[in-house]
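Participant: Curious how this folds, go ahead:
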Amino acid sequence: MDWNEVLREVCVLECTGSPIEVTGVQYDSRRVVRGDAFIAMRGGSADGNRYIDAVIAQGAVAVVTDSRDAYAKLRREHPEVAAALVERGRRALAEVSSAVMGHPQKKLALSGVTGTNGKTTTAFLLEAMLRSVGRRCVLIGTIETHIGDEIRVSPHTTPESRDVLALFADGVRVGASEAVMEMSSHALEQERVWGLPVEVAIFTNLTQDHLDYHGTMEGYFAAKARLFDGVGAPPPRVAVINTDDVYGERLAAGIERSQVVRYGMEGKGDFVAQDVRMRAGETRFRMVTPHGVVEMRSPLTGRVNVYNLLGASAAAWARGLTLDEIARGAEAGTQVPGRFEVVPSTNDVTVVVDYAHTDDALRNLISLARELVKERGGRVITLFGCGGDRDRTKRPRMGTAAGEGSDLVVLTSDNPRSEEPMAIIEEALVGVKETGTKCIVEEDRAGAIEIAIRAAQVGDIVLIAGKGHEKVQILKDETVPFDDVAVAADVLKEIA
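Facilitator: Sure, this is the predicted structure:
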């Protein structure tokens, strides 16, 4: 694309026009090839402006920078390269990428999902409902990315805008008409979703998480709320909000420019669950809406998944599906990896792997397990750890949640990152000790999983919480392969 045409779509402070042809966009200097435009932006841990000379040597024909000094140096030392100075690098990344890639975001109806818990499952459910009526989709989320029928690994919950738009462009090429995205609070605050026109926005809930980044719950809430204001785009046409959640109720009350659709289980809202019946591997309920009543059945289990089903159903209705189509799509939905995933076994012990990594998610997970073992008189054994380099204040809270609901707690390492595993464990152990519940500490996660499973008796449920779908463990000096499901399966096989 002609660089002068690109500049018409970018908010620039200063620029040098040039009739050059730009064939690609990059923000990672390692990926630059001849013909690319490079967006040099300052980030939290790195400054892309340090790599301008390197990308020019690699063949970059245009550079957009958010540094006045870097722009002056470009003009002085590389007059042959087209240059532009912008105030905000991430916004420019989105604007340049959109122009060069042909605005793929305008060719898809986008549904964005935000909240502390339930984003991934809600997104998977909504995609399943849309696919069930023949619509091709792009799905971008924590676990994996879908481009039509192709499945790709997801390195981040919400990628940078350039990568999102590239995925959208791939989707358009295979005939996709819908996109479903998880939108994290980090991505919303950092404007990685700048300029994306959201058709339907979904808010699942808000509980304590990421305070290491946002500082306070108010800051965390404000980041989530940006989705409903529009991030460089108009507000969503429809806002689907869990108003059983106190932050959801507050969010809904402040929305003026979108149609608000409320959902919940406490007798209020537009999409409400009644007569909920649950057992392992199945949830049934009656969904009452202003548009009629329909019986819902899903292979997913638990109260939290009733909320996820309601949110996805309301969004699917906003995308034009009938209630009967929604119900059929929900029933056809499959297990989401690492979300109450039952490990196959011939033993009379149920082992479940789940991504629960906040005190609220852990409490919900244990509550569901307690319901499932009640009839059999079984126990709940909970294994968990806390992530390093993350909000430390939630560690004792997670310990309390685990101790209050479980018969036995096994406390271990999660992803310690740069911290010492035992130092993290000690902080979580404070909360467990307050409950008086028996706790076994084992730093090695594989060893802890074996301890938890071997401690179980007939009728018990073992919950392996925290890492869910993840296939690696992040340590101080290395990242090693690690899969909770595979480790648990090996232990069960050995016992059998």
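
Participant: low pLDDT regions in the chain?
Facilitator: Within the chain, the segments meeting pLDDT under 70 span 44, 209-214.

Participant: How is it partitioned into domains?
Facilitator: What automatic domain parsing lists as the domains of the chain is 3-101, 104-332, 341-495.

Participant: Tabulate those (CSV), appending mean neighbour count.
Facilitator: The C-beta positions use only the backbone N, C-alpha and C, and glycine is treated the same way. Below are the domains of the chain laid out as CSV (neighbours: other C-beta atoms under 10 Å):
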stretch, mean neighbour count
domain 3-101, 18
domain 104-332, 20
domain 341-495, 20
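
Participant: Need the phi and psi values for the residue of the chain most remote from its centre.
Facilitator: Ranked by distance from the centre of the chain (C-alpha atoms, centre = their mean), the top residue is residue 76, with 43.3 Å. Main-chain dihedrals, residue 76, degrees, to the nearest 10: phi -80, psi -40.

Participant: Look up which helix or strand the nearest residue to residue 252 once chain neighbours are set aside falls in, please.
Facilitator: Take residue 252 and drop its neighbours on the chain: the residue closest to it by C-beta to C-beta, 6 or more residues apart in numbering is residue 241, 4.6 Å away. According to DSSP states H and E, residue 241 maps onto strand 238-242.

Participant: do the same with residue 451
Facilitator: If you go by DSSP H and E, residue 451 is part of helix 445-454.

Participant: Quick check: the gap between residue 235 and residue 470.
Facilitator: 34 Å (C-beta to C-beta, to the nearest Å).

Participant: And the closest residue in space to residue 442 that isn't next to it in sequence, how far from residue 236?
Facilitator: The shortest distance from residue 442 to any non-neighbouring residue, by C-beta to C-beta, 6+ apart, is to residue 448 (4.0 Å). According to C-beta to C-beta, residue 448 and residue 236 sit 43 Å apart.

Participant: how about the residue nearest to residue 252, what does it touch?
Facilitator: 202, 203, 248, 251, 252, 255, 260, 261, 262, 263 (C-beta atoms under 8 Å, 6 or more residues apart in numbering).

Participant: from these, which two are the most distant?
Facilitator: 255 and 263 (14.4 Å; C-beta to C-beta).

Participant: Residue 269 falls within a strand, correct?
Facilitator: No - counting by DSSP: H, G, I helix; E, B strand; the rest coil, residue 269 is not part of a strand but coil.

Participant: All the helices of the stretch 101-250 of the chain, in order from the start?
Facilitator: 119-132, 161-173, 185-190, 211-214, 217-229, 246-253 (DSSP state H, counting those that start in this stretch).

Participant: Serialize these to TSV and add fields for distance to residue 107.
Facilitator: Below are the helices of the stretch 101-250 of the chain laid out as TSV (distance: least, C-beta to C-beta, whole Å):
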stretch	distance to residue 107
helix 119-132	16
helix 161-173	5
helix 185-190	21
helix 211-214	33
helix 217-229	21
helix 246-253	29
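
Participant: So which of the ones you listed is nearest residue 331?
Facilitator: Across the helices of the stretch 101-250 of the chain, closest to residue 331 is helix 119-132 (C-beta to C-beta), at 9.0 Å.

Participant: Which strands or helices does that closest one pack on?
Facilitator: Packing contacts for helix 119-132, counted by 3 or more C-beta pairs under 8 Å, 6 or more residues apart in numbering; DSSP states H and E, involve strand 109-114, strand 137-140, strand 178-182, helix 303-318, helix 323-332.

Participant: Let's have these in TSV, adding distance to residue 191.
Facilitator: As requested, those are arranged in TSV below (distance: least, C-beta to C-beta, whole Å):
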stretch	distance to residue 191
strand 109-114	14
strand 137-140	16
strand 178-182	14
helix 303-318	23
helix 323-332	32
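
Participant: returning to that earlier point: so the residue nearest to residue 442 sits against residue 383, correct?
Facilitator: Yes - using C-beta atoms under 8 Å, residue 448 makes contact with residue 383 at a distance of 5.7 Å.

Participant: rewinding a little: mind checking which of the helices of the stretch 101-250 of the chain is nearest residue 38?
Facilitator: helix 161-173 (10.9 Å).

Participant: counting contacts, what elements does the closest one pack onto?
Facilitator: Here helix 161-173 touches helix 89-101, strand 137-140, strand 144-147, strand 178-182, going by 3+ C-beta pairs under 8 Å, 6+ apart.

Participant: ok, 7 Å please
Facilitator: Under the contact definition 3 or more C-beta pairs under 7 Å, 6 or more residues apart in numbering; DSSP states H and E, helix 161-173 sits against helix 89-101, strand 137-140, strand 144-147.

Participant: just the angle between it and strand 178-182, please?
Facilitator: Counting by axes from the mean of the first three to the mean of the last three C-alpha atoms, to 10 degrees, helix 161-173 lies at 150 degrees to strand 178-182.

Participant: Send over helix 161-173 as CSV, restricted to the C-alpha atoms.
Facilitator: Coordinates of each C-alpha in helix 161-173 appear next as CSV, following Å, rounded to 0.1, in the frame of the first residue of the first chain:
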residue,chain,number,x,y,z
SER,A,161,-3.5,-5.0,17.5
ARG,A,162,-1.3,-5.8,14.6
ASP,A,163,-1.6,-9.6,15.4
VAL,A,164,-5.3,-9.4,16.0
LEU,A,165,-5.9,-7.7,12.7
ALA,A,166,-3.7,-10.3,10.9
LEU,A,167,-5.9,-13.1,12.5
PHE,A,168,-9.0,-11.2,11.4
ALA,A,169,-7.6,-11.0,7.8
ASP,A,170,-6.9,-14.7,7.8
GLY,A,171,-10.5,-15.3,9.0
VAL,A,172,-11.9,-13.1,6.2
ARG,A,173,-9.9,-15.1,3.6
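
Participant: Okay, angle between that helix and helix 89-101 too, please.
Facilitator: 30 degrees.

Participant: thinking again about what came up before, wait, which of the helices of the stretch 101-250 of the chain is closest to residue 108?
Facilitator: Residue 108 sits nearest to helix 161-173 of all these, at 5.9 Å, using C-beta to C-beta.

Participant: what's the closest one in contact with?
Facilitator: If you take C-beta atoms under 7 Å, 6 or more residues apart in numbering as the criterion, helix 161-173 is touched by 25, 27, 90, 93-94, 97-98, 101-102, 104-105, 107-108, 138, 140, 145, 147-148, 179, 192-194.

Participant: Also stretch 374-381?
Facilitator: Stretch 374-381 is contacted from outside by 366, 369-370, 373, 405-408, 410, 452, 455-456, 459-463, using C-beta under 7 Å, 6+ apart.

Participant: First-to-last residue distance for that stretch?
Facilitator: End-to-end distance for stretch 374-381, by C-alpha to C-alpha, to the nearest Å: 14 Å.

Participant: do stretch 293-304 as well
Facilitator: Its start and end residues considered, stretch 293-304 measures 21 Å (C-alpha to C-alpha).

Participant: ranges for the helices of the stretch 301-450 of the chain?
Facilitator: Using DSSP H, counting those that start in this stretch, helices in the stretch 301-450 of the chain cover 303-318, 323-332, 359-374, 394-405, 421-435, 445-454.

Participant: Just put the ones you listed in CSV and tack on distance to residue 170.
Facilitator: Shown next, in CSV, are the helices of the stretch 301-450 of the chain (distance: least, C-beta to C-beta, whole Å):
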stretch, distance to residue 170
helix 303-318, 23
helix 323-332, 24
helix 359-374, 32
helix 394-405, 37
helix 421-435, 39
helix 445-454, 36
